[in-house]
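Trainee: any chance you could fold what I've pasted below:
(4 chains)
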2 protein chains.
Amino acid sequence: MDQNKIPQATAKRLPLYYRFLNNLQLQGKTRVSSKELSEAVKVDSATIRRDFSYFGALGKKGYGYNVEYLLGFFRKTLDQDELTEVALIGVGNLGTAFLNYNFTKNNNTKIMMAFDADEKKVGTEIGGIPIYHIEELEDKLGNVKVAILTIPAAEAERITDRLVAKGIKGILNFTPARITVPDDVRVHHIDLAIELQSLVYFLKHYPLESDKQ
Amino acid sequence: MDQNKIPQATAKRLPLYYRFLNNLQLQGKTRVSSKELSEAVKVDSATIRRDFSYFGALGKKGYGYNVEYLLGFFRKTLDQDELTEVALIGVGNLGTAFLNYNFTKNNNTKIMMAFDADEKKVGTEIGGIPIYHIEELEDKLGNVKVAILTIPAAEAERITDRLVAKGIKGILNFTPARITVPDDVRVHHIDLAIELQSLVYFLKHYPLESDKQ
DNA sequence: TAGAAGTCGTGATTATTTTCACAAATCCAC
DNA sequence: GTGGATTTGTGAAAATAATCACGACTTCTA
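Mentor: Numbers count the residues shown, from 1 in each chain, chains lettered A, B, ... in the order given. Below is the predicted model:
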């Protein structure tokens, strides 16, 4: 709750900045200007400076930003030192992609367990993460507060209700279903079909330059 | 180019509206109010009315919207009758998820071909879509103008350059890399790791209600 | 040490998007 | 028909976000 004065648009860009700063440090760079960063992350440099300024004066005029300092600062801001445990529901192709993705490497999140209805998958592991039967959801979930939903749309609402009943507070919903949750649960929708359709619509109806999201 | 007076935020919601209207029709509903639709798609009803109003007066006061009429209208607006061909680059788990997803069912897009560097995959099909070797890109791409990028980040820029050279105008980029393209190429980034991190950040720092994206 | 070049932080402006709130039109029950 | 209940479409206001543009300060070069 500490910095809810920070605009949402800014907050969404923080993980992006963090990752690129990390890259810069790995490359051995010690300083970076908003202009350089702008070219790397494709965000206007004034926007970057404004974003950073919500956290105070992090840079130096005529010099830019010290990579290590900035990185340390964002590490704290993004709670990079505190691991958030995540459960994945639905081990299809999309779910498997998540399990194989080593989030923990650059992230403060770790998928601790996965659930699926397919008996053939239950009991196995992918990327070191155990797969339980979906009926074990309530037993195994423990204190996990974040879930990734990669199941068929038809089951989305039913599973969501169970997740919410068990105390889940954040859901990354990859199903096309628009799920209903109480006010204190946050849902982010990522709808792959819509992203594709929307891209096609923009291509056909919008001028051919700038504003690439 | 016809309706570029339509706000981008509205344009992004159109495919969502379309899909839910389609569902309503399948359920046999003939009319719908902005309030009902609002509950289904989780978008404020005033926003829905405003969105629709950019296309003229589509509804009737005291009645709502005629589902069939609205659907027909959006079908034309979203060019649902005109198929957009898409190429998928990178047949890993995420790529496979796309190939198995039958976009064409409710969409105006169809993945026509896929590319991968893995000889074991080349020559096979997934979901009826042929997989070619990535070195055949220039030969096989033909007139396809949209690509989905589901490859490792390290290869993103190199492949992007080849796609652009071959005339691709829209890229749905699932790699963490921020690719560089000419002004007339549109890129939409979907960064799974960032989506997860961003959700976690919002959970920790933002008040517990409303504004679920 | 002096001057030129670089870069931040931010006030002000502009652009975009959402929301309020209500007149006007329509529907529907009786 | 009549009158109360609905629901749109939209002007106006509010909220949010992006961008401009420049003073202030730092760094760098010689």
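
Trainee: so what does the biggest helix by length in chain A touch, helix or strand wise?
Mentor: Secondary structure assigned by DSSP state H gives helix A:8-26 as the longest helix of chain A. Applying 3 or more CB pairs under 8 Å, 6 or more residues apart in numbering or on different chains; DSSP states H and E, one finds that helix A:8-26 contacts helix A:34-41, helix A:45-53, helix A:67-77, helix B:192-205. C-betas here are computed from N, CA, C, even on glycine.

Trainee: so the residue of chain A found nearest DNA strand C, which of the three states?
Mentor: Going by CB to the nearest atom of the strand, DNA strand C is nearest to A:Gly62 of chain A, at 2.2 Å. Secondary structure state of A:Gly62, per DSSP: H, G, I helix; E, B strand; the rest coil, is coil.

Trainee: which phi and psi does it have?
Mentor: The phi/psi pair for A:Gly62 (degrees, to the nearest 10) reads phi 70, psi -10.

Trainee: could I get the pLDDT score of it?
Mentor: Each residue has a pLDDT score; the one for A:Gly62 is 92.

Trainee: what number of residues lie near it?
Mentor: A:Gly62 has 6 neighbours, counted by other CB atoms under 10 Å in any protein chain shown.

Trainee: measure it to DNA strand D for me?
Mentor: Remark: distance between A:Gly62 and DNA strand D (CB to the nearest atom of the strand, to the nearest Å) = 2 Å.

Trainee: near DNA strand D, which residues of chain A show up?
Mentor: Listed as neighbours of DNA strand D in chain A under the rule CB under 7 Å from any atom of the strand: A:7-10, A:44, A:46-47, A:49-50, A:60-63.

Trainee: separate out the buried members of those residues.
Mentor: For the residues of chain A next to DNA strand D, a neighbour count by 16 or more other CB atoms under 10 Å in any protein chain shown gives the buried set as A:Thr10, A:Arg49.

Trainee: for the longest helix of chain A, list the C-alpha coordinates in CSV.
Mentor: The C-alpha coordinates for helix A:8-26 follow below in CSV (Å, rounded to 0.1, in the frame of the first residue of the first chain):
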residue,chain,number,x,y,z
GLN,A,8,-0.8,2.4,-12.9
ALA,A,9,0.8,3.0,-16.3
THR,A,10,4.1,3.5,-14.6
ALA,A,11,3.7,0.5,-12.3
LYS,A,12,3.2,-1.7,-15.4
ARG,A,13,6.5,-0.6,-16.8
LEU,A,14,8.6,-1.2,-13.7
PRO,A,15,9.3,-4.9,-14.4
LEU,A,16,10.3,-4.0,-17.9
TYR,A,17,12.8,-1.4,-16.6
TYR,A,18,14.1,-3.8,-14.1
ARG,A,19,14.8,-6.4,-16.6
PHE,A,20,16.7,-4.1,-18.9
LEU,A,21,18.7,-2.7,-16.1
ASN,A,22,19.7,-6.2,-15.2
ASN,A,23,20.8,-6.8,-18.7
LEU,A,24,22.9,-3.6,-18.7
GLN,A,25,24.6,-4.6,-15.5
LEU,A,26,25.4,-8.1,-16.9
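
Trainee: and DNA strand C, is that helix touching that?
Mentor: No: counting by CB under 7 Å from any atom of the strand, DNA strand C has no neighbours in helix A:8-26; the shortest distance is 10.1 Å.

Trainee: report the buried residues of that helix.
Mentor: In terms of neighbour count (16+ other CB under 10 Å), helix A:8-26 has its buried residues at A:10-22, A:24.

Trainee: and it, average pLDDT?
Mentor: For helix A:8-26, the per-residue pLDDT averages 95.

Trainee: next, the angle helix A:45-53 makes with that helix.
Mentor: For helix A:8-26 against helix A:45-53, the angle by axes from the mean of the first three to the mean of the last three CA atoms, to 10 degrees is 90 degrees.

Trainee: what does chain A have sitting close to DNA strand C?
Mentor: With CB under 7 Å from any atom of the strand as the criterion, chain A meets DNA strand C at residues A:33-35, A:45-46, A:49-50, A:52-53, A:57-65.

Trainee: does the helix or strand harbouring A:Gly95 reach chain B?
Mentor: In the assignment (DSSP states H and E), A:Gly95 maps to helix A:93-100. Yes: Helix A:93-100 is in contact with chain B by CB under 8 Å from any CB of the partner chain, via A:Asn93, A:Leu94, A:Thr96, A:Ala97, A:Phe98, A:Asn100.

Trainee: ditto for stretch A:28-36
Mentor: No: applying CB under 8 Å from any CB, one finds stretch A:28-36 out of contact with chain B, separated by at least 12.7 Å.

Trainee: who's in contact with that stretch?
Mentor: With contacts defined as CB atoms under 8 Å, 6 or more residues apart in numbering or on different chains, stretch A:28-36 is touched by A:21, A:24, A:45-46, A:48-49, A:52, A:59, A:63-68, A:70.

Trainee: out of those, which is nearest to A:Thr84?
Mentor: Comparing the contacts of stretch A:28-36 against A:Thr84 with CB to CB places A:Leu21 closest, at 20.0 Å.

Trainee: show me chain A divided up by domain.
Mentor: Per automatic domain parsing, the domain ranges recorded for chain A read A:8-76, A:84-194.

Trainee: winner for burial among the ones you listed?
Mentor: domain A:84-194 (a mean of 18; mean count of other CB atoms under 10 Å in any protein chain shown).

Trainee: and that domain, end to end?
Mentor: End-to-end span of domain A:84-194 (CA to CA, to the nearest Å): 28 Å.

Trainee: and that domain, average pLDDT?
Mentor: Averaging pLDDT along domain A:84-194 yields 95.

Trainee: coming back round to it: quick one: strands adjacent to the helix or strand just after the longest helix of chain A?
Mentor: For helix A:8-26, the succeeding helix or strand toward the C-terminus, using DSSP H and E, is strand A:31-32. Applying DSSP bridges, strand A:31-32 is found paired with strand A:65-66 (antiparallel).

Trainee: give the contact list for the residue with the largest distance to the centre of chain A.
Mentor: Centroid-distance maximum for chain A: A:Gly62 at 33.5 Å, with CA atoms, centre = their mean. Listed by CB under 8 Å, 6+ apart, A:Gly62 has no contact partners.

Trainee: and it, how far from A:Ser33?
Mentor: Per CB to CB, to the nearest Å, A:Gly62 is found 10 Å from A:Ser33.

Trainee: contacts for the longest helix of chain A next, please.
Mentor: With CB under 8 Å, 6+ apart as the criterion, helix A:8-26 contacts A:32, A:37, A:40-41, A:43, A:48, A:50-51, A:54, A:67-68, A:70-71, A:74-75, A:77-78, A:80, A:106, B:176, B:178, B:191, B:193-194, B:197-198, B:201-202, B:205-206, B:211.

Trainee: end to end, how far does stretch A:106-120 reach?
Mentor: Span of stretch A:106-120 from end to end, CA to CA: 31 Å.
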